[in-house]
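Enquirer: build me a structure from this.
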Amino acid sequence: MSPRALTPLLLTALLSGCNDAMLDQLDATLADIRREPNVPVAIDAAPFPEPALLNYRYSESRSPFLAPERLARSETIATRNSALAPDTERPLEPLEAFALPSLRLVGTLQMGTQRVALIATPDGSVVTVREGNHLGTNYGEITRITLDEVTLVERILDEQQGWQTSPAALSLQP
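Expert: Residues are numbered from 1 along each chain as shown. Sure thing, here's the model as predicted:
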C-alpha cells in the first residue's frame, strides 16, 4: 500500500483511542470535589531558631597586630570623638557577625506604622530588622527603611581622626 492510503487508516486508528475516555466518571469526581467546603489549610511552621552567638573574650587584650608603640597611639586616637564611639557593652545582634557586603536586602514589609526589612545572610537564612537594629562588622545602625533600600550609619575608627561615621545602604536587587 502506498503511504497516501495508509494515512487515513492510521488517523482513524489513533482517533478511535480517544472515544471511551471515561469522562462521565471524571465529571462525577470533579463535581464531588466542588461540593466540598473550601477549608483553608493550617500551616504549622517551625519557629526560626536563634543562632548561637559567640563572644570574643580577648577584645580588651593587646592587639597582636599592632606594635607596642602603635598601641599606645591608637588608644589616644580612640578617645578622640568618643561621642561617636560605638556602645561595646550592648549585646551583639545576629547580623553583626557578617560583613555588610555579604548581606542582601531581599524585601521589605509594612507592619502597622513600622516598615521592616528582610535581610539574607551568606548561609541563606533571612532575618527581620527594624530601624535602630545593628548589622555589619562596623557597628552599623539602621536609620531608615524604604520600599527598596535600608540606610544605615557605620562607625569606623580612623587612625588620624578617631571614630567617624560613614553612611551605607543595602538596596533591593531585582
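
Enquirer: tell me the mean pLDDT for stretch 92-107?
Expert: In this model, stretch 92-107 carries a mean pLDDT of 93.

Enquirer: tell me the buried residues in that stretch?
Expert: Residues of stretch 92-107 classed as buried: Pro94, Leu95, Glu96, Ala97, Phe98, Leu100, Leu103, Leu105 (neighbour count, 16 or more other CB atoms under 10 Å). (Each C-beta comes from the backbone N, C-alpha and C, glycine too.)

Enquirer: any idea how far apart the tips of that stretch sit?
Expert: 23 Å (CA to CA, to the nearest Å).

Enquirer: go ahead and name everything in contact with that stretch.
Expert: Stretch 92-107 is contacted from outside by 50-51, 53, 55, 117-122, 126-127, 129, 133-140, 148-150, 154, 168, 170-173, using CB atoms under 8 Å, 6 or more residues apart in numbering.

Enquirer: hmm, 7 Å instead?
Expert: For stretch 92-107, the external contacting residues (CB atoms under 7 Å, 6 or more residues apart in numbering) are 51, 53, 117-122, 126-127, 129, 133-138, 140, 150, 168, 170-173.

Enquirer: lowest-scoring secondary structure element of this structure by mean pLDDT?
Expert: Lowest by mean pLDDT, DSSP states H and E among the helices and strands of the chain is helix 68-79, with a mean of 57.

Enquirer: hang on, the earlier thing: what's the farthest-apart pair in the buried residues of stretch 92-107?
Expert: Largest separation among the buried residues of stretch 92-107 by CB to CB: Ala97 and Leu105, giving 17.4 Å.
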